[in-house]
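> curious how this folds, go ahead:
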Amino acid sequence: MCGICGVLGGSRKAVEAMSDALAHRGPDADGIWSSDEVVLGHRRLAIIDTSRGSDQPFINEQEDLIIVFNGEIYNYQELRAQLSNHHFRTRSDTEVLLAAYQEWGAAMLDRLNGMFAFAIWNSREQELFIARDRLGIKPLYYSSGDDHFVFASEIRSILASGLVGRNLDHDALVDHLRYQSVQAPNTLVRDVKMLMPGNYMVINDGHIVEKTWWQMNDPSTISVRSGIDLKEQIRELFMKSVERRMIADVPYGAFLSGGIDSSLVVAAMSEVSDLPVKTFNVSFNESEFSEAKFARTISEKFATDHTEVLLKPKDMLDLLPDALGAMDHPSGDGPNTYVVSKATREAGVTMALSGLGGDELFAGYDIFKRTLELESKKWIPSFPKILRRLGAKALLGYKRSMSSLKIGELIKQDAFHLEDTYPISRLTFMDHELVALLTRSKLPPDRVRAMVIEQLGPETSGAFLPLLSKVSIAEMSSYMQNTLLRDTDQMSMAHALEVRVPFLDHELVSFMLQVSDKDKFPNTPKRLLVESMDGLLPKEIWERPKMGFTLPWADWMLNDLRSFCQEHMHALADRAMFDRNEVRSYWQRFLQKDPIMPWSRIWHLVVLEHWLQAHSIKE
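Below you'll find the model as predicted:
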């Protein structure tokens, strides 16, 4: 895991500034390679082959290919065996990746199993090749101007180049307010884009060609094998995924929340490892927020070397400035990951496995169950719209809550297709609220709705997938990629900690997207996953209500963080793009404990204002 950056048509000085902005991502080594055409920078967090010979930028023997690489190639040893005609100088996956490109060109991407973002300069062809992994686990941002092309692992690095303006993208702001994140390829900075997952780009003589090399809605590469038990196949794929992700030359461990996903990761690691697995859990005195007792249960069952970090309000408040400062892109959930990553790194662990992706893949969220239920209620839109609007209003009057607000939006829809129902589940602010909150008169199209149509509509290969698999793709393409994975990358790399995600092995993902709804959701969420792992988990882990990792934000925002939040809400209200009175009324409604103005909506706005200030973003 590392930080990469580079400029076509730029100066070494610009890349030095970009590399400095990525220093937190790679404390083990740094390097810059330059020619008249391109400058490449790298910050290294050494995980595989920690010798100096594997430092980057890495150059092949012929000295015509130079690579900067962020991530891990888990099957690099298999690929190395296939590249027997190459003379290898190191034991690193970086050198294997470069040799694979030399041998197979862009076609080598299909052979990779890993998480990655990399750039290769071909000096013979005067061509820059950049690529990103299938599921968007590793980020890669870029900006293209008339006389330069800039790329980096983080937005702040691109801004540090001095070649890109710090101007707000106002349409992306609406996207961010709707969904707490901006949907790729856009970002909150007008001229900075994100390379899409499963895409690569070739830049040659000012011409840019972008191609998609893998799509989630076409999972035909890994088929369900007939004659073999479904659960047996799932277990085999999952165990193989975990085992691949335990290849490292540094101490490693696992995040252990005590939920199903992280517990199964730890269980699988324990089966593979000869030594006790190091596990980490963040706990709270407030019992309603703490899953510590469940994490202890798993730790005892699998005899892990367990670290429990008791987080007191003062501890979190002391950490908060650094957590907010670590945000490359604003997120309300980011500080959670910052805390557990800090504890893990301070325990001497350089790489950790996470249960991220289990809910998306095995129908663990409520949205999966609701989508199945809505299939039997497609008659609702047949009622006159005026009656449905009156019903939505009456529901909110009867019970003021975010749930009522969303149900009201749902029953007002003209149809109950996935593109109509799914986006509502992830909305933070409804469009009618944004019209009042912002000073602009017209809102841009909903990007999540457009994504669902593009990937799962009737004209796509995804149209033939099971319904719950469509929800999985919607979740993984929006909330997971643009919020969860981005948070995990930013907040773990703030402490130079690599996080690996076994549930997002592309072979496991492709397989699960073909599993039928009746198998995936027989009666309870993730029952198929639990049973596939052959009774590894105690009943109290998978029968308990889902909690999720959160912090007691509401109490903090009403007390210790009150002045901080108020200051930022008032500053946001004074911006020309926001309606001053509406923003201030939001804050007052939160203080009065209005049920449809919970802490999460307010904190979303507070963090946005903090990020705009910290990065000097111009309206």
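> for the most centrally placed residue in the chain, which residues are in contact?
Centroid-nearest residue in the chain: L485, 1.4 Å away (criterion: C-alpha atoms, centre = their mean). Counting by C-beta atoms under 8 Å, 6 or more residues apart in numbering, L485 makes contact with L135, G136, I137, P139, L356, V501. Every residue, glycine included, has its C-beta placed from N, CA and C.
> neighbours of the nearest residue to the first one once chain neighbours are set aside, how many?
Of all residues not flanking L135 in the chain, L504 sits nearest, at 5.0 Å (C-beta to C-beta, 6 or more residues apart in numbering). L504 is flanked by 25 other residues according to other C-beta atoms under 10 Å.
> what do you get for the one 3 residues further on?
Applying other C-beta under 10 Å, we find 15 other residues in the vicinity of E507.
> contacting residues around it?
Here E507 is in contact with N113, I222, L237, K240, S241 (C-beta under 8 Å, 6+ apart).
> lowest pLDDT pick from those?
Minimum pLDDT for the contacts of E507 is recorded at I222 (55).
> the stretch 351-500 of the chain: helices as residue ranges?
358-361, 366-375, 385-398, 402-411, 418-426, 431-437, 447-456, 467-475, 485-493 (DSSP state H, counting those that start in this stretch).
> and the angle for the second one with helix 467-475?
In other words, helix 366-375. Interaxial angle, helix 366-375 versus helix 467-475 (axes from the mean of the first three to the mean of the last three C-alpha atoms, to 10 degrees): 130 degrees.
> buried residues of helix 366-375, list them for me.
By neighbour count with 16 or more other C-beta atoms under 10 Å, helix 366-375 contains the buried residues I367, F368, K369, R370, T371, L374.
> out of the residues you listed, the closest to W599 would be?
Taking C-beta to C-beta as the measure, W599 lies nearest I367 of the buried residues of helix 366-375, at 21.3 Å.
> any idea how far the closest residue to the closest one other than its chain neighbours is from K406?
Excluding the flanking residues, the one nearest I367 by C-beta to C-beta, 6+ apart is S425, at 4.5 Å. Taking C-beta to C-beta, to the nearest Å as the measure, S425 falls 7 Å from K406.
> give me the more crowded residue out of the two.
Neighbours per residue, other C-beta under 10 Å: of S425 and K406, the larger number sits with S425, 19 against 16.
> I'd say that one and K369 touch.
No - S425 is beyond contact range of K369, at 11.1 Å (criterion: C-beta atoms under 8 Å).
> so what sits against both of the two?
Between them, S425 and K369 share no contacting residue, judged by C-beta under 8 Å, 6+ apart.
> now the end-to-end length of stretch 133-149.
Stretch 133-149 has an end-to-end distance of 21 Å (criterion: C-alpha to C-alpha, to the nearest Å).
> against D366, how distant is the residue nearest to I367?
Distance from S425 to D366, by C-beta to C-beta: 8 Å.
> can you give me the buried ones in whatever helix or strand H568 lives in?
Element membership for H568, per DSSP states H and E: helix 562-573. Buried residues in helix 562-573, counting neighbours by 16+ other C-beta under 10 Å, are found at F564, C565, Q566, H568, M569, L572, A573.
> could you pull up the contacting residues of the nearest residue to the third one once chain neighbours are set aside?
The shortest distance from Q566 to any residue that is not its chain neighbour, by C-beta to C-beta, 6+ apart, is 6.4 Å, and that residue is W587. Residues in contact with W587, defined by C-beta under 8 Å, 6+ apart, are C565, Q566, M569, H570, I602.
> picking that back up, export the buried residues of helix 366-375 as TSV, with columns for pLDDT and distance to A474.
As requested, these are arranged in TSV below (pLDDT from 0 to 100; distance: C-beta to C-beta, whole Å):
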residue	pLDDT	distance to A474
I367	92	9
F368	93	10
K369	90	15
R370	89	13
T371	90	9
L374	85	14
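> picking up where we left off before, of all the helices of the stretch 351-500 of the chain, which lies closest to Q592?
helix 402-411 (15.9 Å).
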